[in-house]
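Novice: Below: sequence and its predicted model.
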Amino acid sequence: MALEIERALLRLAKPGLRLLEDEALNAEAPVDLLGDDLTPIPSFFIRNNGRLPVLGADAADRWALTLDGEVERPRAWTLAELKRDFPVVSLTAVLECAGNGRAGFSAATEGLQWTLGAIGCARWTGVRLADLLAAAGVRRSAAYTGHFSPDERAGKPGQPAISRGLPIEKALAPETLVAFAMNDEPLPYLHGGPLRIVAPGFPGSAWQKWLTRIAVRDREHDGEKMTGTNYRLPREPVRPSDAIDPARFTVITDMPVKALITAPLAGFAASPGELAVRGVAWSGHIPVASVAVSADGGASWCEASLEAGAGRFAWRRFTAPIMADAVGPVTIMARATDAKGGTQPLDGAPWNPRGYCNNAVHRVVGAIVPR
């Protein structure tokens, strides 16, 4: 499908999103669209590594998922059989691109220059991948899954756009799904329908869209975008001037704790007095424990009120009334901390050559103006 057609489709389905300049279809949400418990589908970001696959109107009826590799009984199921033969479950989880916030690194990195909107929280419905693996009989040699789909690299017919996978422990975890619904609607085409992987806590690259095959591997998967420095972080700190050795990088398997201020918005003007700050906070596998808010550059902080959220992997909304009495510029900051004490860096996240996992404290600059 030509990029111009893909962009026209996106503008129709998601008019509020900001398109990124790329050979693939990618678009992020403005911050003001991200304050709800569940991100509406029209406001949910889009991330692709290649051309959208061309699917017919009856794709869901004809779709089949194959499971093979290091299993005793290779299997294939239609979408109807998945729904009929396995327990159907729902969970709410954040989906975030590993490159979200890439534009915020002080030394520029390669890759799409996402600001803050490659993120969303949805209710996903499907069947547990663990149940499919049990039906196929996972061998003791199983170490990883490899995921396959029909999207192809732009201008390179037959070359997969992406083929990532999961450590077998995550594939067997109860939260990992093969999903066919999003926010209680059939999984939209733009979000990988009819079937996709849902791997809460992992970066969005692991949530393979348009899923047609799962191969159980006896080693770490080596599909497209699984090797080199793709979706990997250095095990030791690196600087922009350092020589890069991919052997010293490890696959990202957990997203860092993070908070996003959704109100007030950048450029706000408010009268002196109490200012209501709102936002959302989330993490990967370690739950969010608290959020603190500052209006004086971090000299003082007040604890925000955190809502419970819709489950372990959902984001949590927060609110905090802060006093801003001095007329002039003001910078509001929000800093989340997880249950193990991990917290957002004030002075910037550790640099890495692909610009992944930027969880630096969110700052919103505005002004207090005379009444």
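Specialist: Nice, thanks for sending it over. Owing to the predicted nature of the structure, the values given are computational and were not obtained by experimental measurement.

Novice: Measure how buried the closest residue to residue 199 other than its chain neighbours is and give me the count.
Specialist: Nearest residue to residue 199, sequence neighbours excluded (CB to CB, 6 or more residues apart in numbering): residue 206, at 4.7 Å. Placement of C-beta: from N, CA and C, glycine included. Residues lying near residue 206 (other CB atoms under 10 Å) number 26.

Novice: Residue 206 and residue 287: what is the separation?
Specialist: Noted for residue 206: a distance of 20 Å to residue 287, by CB to CB, to the nearest Å.

Novice: just residue 199 next, same as before
Specialist: 17 Å.

Novice: Compare the two (neighbour count), which wins?
Specialist: A side-by-side neighbour count of residue 199 and residue 287, using other CB under 10 Å, places residue 199 first with 28 against 17.

Novice: residues touching the residue lying closest to residue 186 once chain neighbours are set aside, list them.
Specialist: Excluding its sequence neighbours, the residue lying closest to residue 186 (CB to CB, 6+ apart) is residue 193, at 6.3 Å. Taking CB atoms under 8 Å, 6 or more residues apart in numbering as the contact definition, residue 193 lies against 59, 60, 180, 182, 186, 187, 210.

Novice: Show me the two of those that sit farthest apart.
Specialist: Using CB to CB, the pair of the contacts of residue 193 lying farthest apart is 59 and 182, separated by 15.8 Å.

Novice: Compare the two and say which one has the larger neighbour count.
Specialist: Taking neighbours as other CB under 10 Å, residue 59 and residue 182 compare with residue 182 leading, 25 against 15.

Novice: Give the closest residue to the more buried one in space, chain neighbours not counted.
Specialist: residue 122 (5.2 Å).

Novice: Listing partners with orientation, what would you give for whatever helix or strand that neighbour lives in?
Specialist: Element membership for residue 122, per DSSP states H and E: strand 119-128. Sheet pairing of strand 119-128 (DSSP bridges) gives strand 88-96 (antiparallel), strand 177-182 (antiparallel).

Novice: deepest of the ones you listed, which one?
Specialist: The highest mean neighbour count among those, using mean count of other CB atoms under 10 Å, belongs to strand 177-182: a mean of 25.

Novice: right, and the helix or strand after it?
Specialist: Next along from strand 177-182, by DSSP H and E: strand 185-186.

Novice: on contacts alone, who are the packing partners of that next one?
Specialist: Using 3 or more CB pairs under 8 Å, 6 or more residues apart in numbering; DSSP states H and E, no helix or strand is in contact with strand 185-186.

Novice: Note down every partner strand of that strand and its orientation.
Specialist: Paired neighbours of strand 185-186 in the sheet (DSSP bridges): strand 177-182 (antiparallel).

Novice: which residues are in contact with the strand it pairs with?
Specialist: By CB under 8 Å, 6+ apart, strand 177-182 touches 41, 65, 79, 82-83, 89-91, 122-129, 132, 186-188, 191, 193-198, 211.

Novice: tally of neighbours for the closest residue to residue 137 other than its chain neighbours?
Specialist: Once flanking residues are discounted, residue 137 sits nearest to residue 72: 3.2 Å by CB to CB, 6+ apart. Neighbourhood size, residue 72 [other CB under 10 Å]: 8.

Novice: wait, residue 72 sits on residue 139?
Specialist: Yes: counting by CB atoms under 8 Å, residue 72 does reach residue 139; the two are 6.5 Å apart.

Novice: Run through the strands of the stretch 201-350 of the chain in chain order.
Specialist: 213-217, 232-234, 249-251, 258-263, 269-270, 273-282, 288-294, 302-303, 305-306, 316-324, 328-338 (DSSP state E, counting those that start in this stretch).

Novice: mean confidence score for the fifth one?
Specialist: So the one you mean is strand 269-270. On average, the pLDDT along strand 269-270 is 93.

Novice: Please name every helix or strand in contact with it.
Specialist: Checked by 3+ CB pairs under 8 Å, 6+ apart, strand 269-270 has strand 362-368 packed alongside it.

Novice: Kindly export the strand it packs on (C-alpha atoms) in CSV.
Specialist: This file holds the C-alpha atoms of strand 362-368, laid out as CSV (Å, rounded to 0.1, in the frame of the first residue of the first chain):
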residue,chain,number,x,y,z
HIS,A,362,8.5,15.8,32.3
ARG,A,363,8.7,19.6,32.4
VAL,A,364,5.8,22.0,31.4
VAL,A,365,6.8,25.6,31.0
GLY,A,366,4.1,28.4,31.4
ALA,A,367,3.6,31.7,33.1
ILE,A,368,1.9,33.2,36.1
